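Visitor: For reference, the sequence and a predicted model appear below.
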Amino acid sequence: MKRKLLMLELLHSRAETDVRQLERERKGISGEKMVRELIDEKMVLEDVTLEIDGSIIQLDFIVIAAERVTVLEVKHHSSDYVIRENIWYFNDGQQASNPFYQLERTRGLMEKYLRQRGFRVPVWGFIVWTNIASHVYGLKQDDPFMTPGKLMRYMSENLFRADLMLRDMIDRDRMRVSPFDKIELDTKELASGLHCLKCFSLEVKRTRKTVLCTKCQYSASTSEVVKAHIIYYCLLYDRTNFQIKDIMTFTGELISLRTLQTCIGQLVETGILCRIHRTEFQLLHMEELIRRIKD
């Protein structure tokens, strides 16, 4: 899951936040899911932030092949648009931002990044428009614009070969925490409790071994819930170190101290946590754990 989306999901339950921002992020994720299913995962990096000569770019997808690098910017809009003389307008006539300008800037910086590292591979870029109910009128034949169907043809007609060395280099250089994902919040105002691991509601019931969501009926083991809430706590409080009492407070003391100690001990054994002092621990590989959480 994207870091920003996870934060917004948690804050929606724990604090009074602008639900419109959450809805926008959810729409973007639904479009990215569609694209993800069309691309060989060996050739793609997703949600990449790079700093290039002082400029920071964020890329939804990079398809990395020996023949060509393709930058994909996913748009899942609900409005219709009209293009007149290279200017985008909403249906009501108000001017809208032109996504082709941002795409070209991103494509150019990506090409520069590769050349600085000795890779003279061409870089192409496309807007992928994923909402079939939204239309863009006035597109030219050579505009860098495609639907999921056209993306599928693009991937099948070009017999790309994965460039794993280049993929690994970009993955090493990516920023682990994007400045675009920062959300200002007052942690003193956060409610306590246990989240459902599926819908993030705080309306849950504890049994001895499980946590049941009374809203969507999703059930998870207590050990899974403890692991997730350590990640949630570290994400919202922007830290990797914590004490057991912090997790007790964060979860509203709905999990007993003894159960927390047992679950945390298991996480230390599996290498997810490391013990600093008797009651203080550090969460390891936090960003990777966040990415593994399903949307």
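Guide: Alright, I've got the coordinates. Because the structure is a prediction, the values reported are computed rather than measured.
Visitor: and residue 114, what is it in contact with?
Guide: When contacts are counted by Cβ atoms under 8 Å, 6 or more residues apart in numbering, residue 114 is found next to 69, 120-121, 123, 166. Any C-beta I mention is one placed from the backbone N, CA and C, and that applies to glycine too.
Visitor: Run through the helices of the stretch 101-250 of the chain in chain order.
Guide: Under the criterion DSSP state H, counting those that start in this stretch, the stretch 101-250 of the chain contains helices at 148-157, 164-173, 222-236, 244-250.
Visitor: Residue 180 is nearest to which of those?
Guide: Proximity to residue 180 (Cβ to Cβ) singles out helix 222-236 among the helices of the stretch 101-250 of the chain, at 15.5 Å.
Visitor: Let's test this: mean pLDDT of the closest one, rounded?
Guide: Mean per-residue pLDDT for helix 222-236: 97.
Visitor: what's it packed up against?
Guide: On a contact count with 3 or more Cβ pairs under 8 Å, 6 or more residues apart in numbering; DSSP states H and E, helix 222-236 meets helix 3-14, strand 210-213, strand 241-243, helix 244-250, helix 257-269, strand 280-283, helix 286-292.
Visitor: who touches that helix?
Guide: By Cβ under 8 Å, 6+ apart, the surrounding residues in contact with helix 222-236 are 3, 6-7, 10-11, 14, 185, 187, 190, 194-195, 197, 206, 208-211, 220, 240, 242, 246-247, 250-251, 255, 259-260, 263-264, 266-267, 272-273, 283, 286, 289-290, 293.
Visitor: Which of the helices of the stretch 101-250 of the chain has the highest mean neighbour count?
Guide: Mean neighbours per residue, mean count of other Cβ atoms under 10 Å, is largest over the helices of the stretch 101-250 of the chain for helix 222-236, with a mean of 20.
Visitor: could you check the angle helix 257-269 makes with it?
Guide: With axes from the mean of the first three to the mean of the last three Cα atoms, to 10 degrees defining the directions, helix 222-236 sits at 80 degrees from helix 257-269.
Visitor: what angle separates helix 222-236 from helix 3-14?
Guide: Helix 222-236 and helix 3-14 are oriented at 100 degrees to each other (the same axes, to 10 degrees).
Visitor: Send over helix 222-236 as PDB, restricted to the C-alpha atoms.
Guide: Presented in PDB, the C-alpha positions along helix 222-236 are these (Å, rounded to 0.1, in the frame of the first residue of the first chain):
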ATOM      1  CA  THR A 222      -4.100 -11.100  17.400                       C
ATOM      2  CA  SER A 223      -0.500 -11.600  16.300                       C
ATOM      3  CA  GLU A 224      -1.300 -10.100  12.900                       C
ATOM      4  CA  VAL A 225      -3.100  -7.200  14.500                       C
ATOM      5  CA  VAL A 226      -0.200  -6.400  16.900                       C
ATOM      6  CA  LYS A 227       2.300  -6.400  14.000                       C
ATOM      7  CA  ALA A 228       0.100  -4.100  11.900                       C
ATOM      8  CA  HIS A 229      -0.500  -1.700  14.800                       C
ATOM      9  CA  ILE A 230       3.200  -1.400  15.500                       C
ATOM     10  CA  ILE A 231       3.600  -0.300  11.800                       C
ATOM     11  CA  TYR A 232       0.600   2.000  12.100                       C
ATOM     12  CA  TYR A 233       2.000   3.600  15.200                       C
ATOM     13  CA  CYS A 234       5.500   4.200  13.800                       C
ATOM     14  CA  LEU A 235       4.000   5.600  10.600                       C
ATOM     15  CA  LEU A 236       1.700   8.100  12.300                       C
END
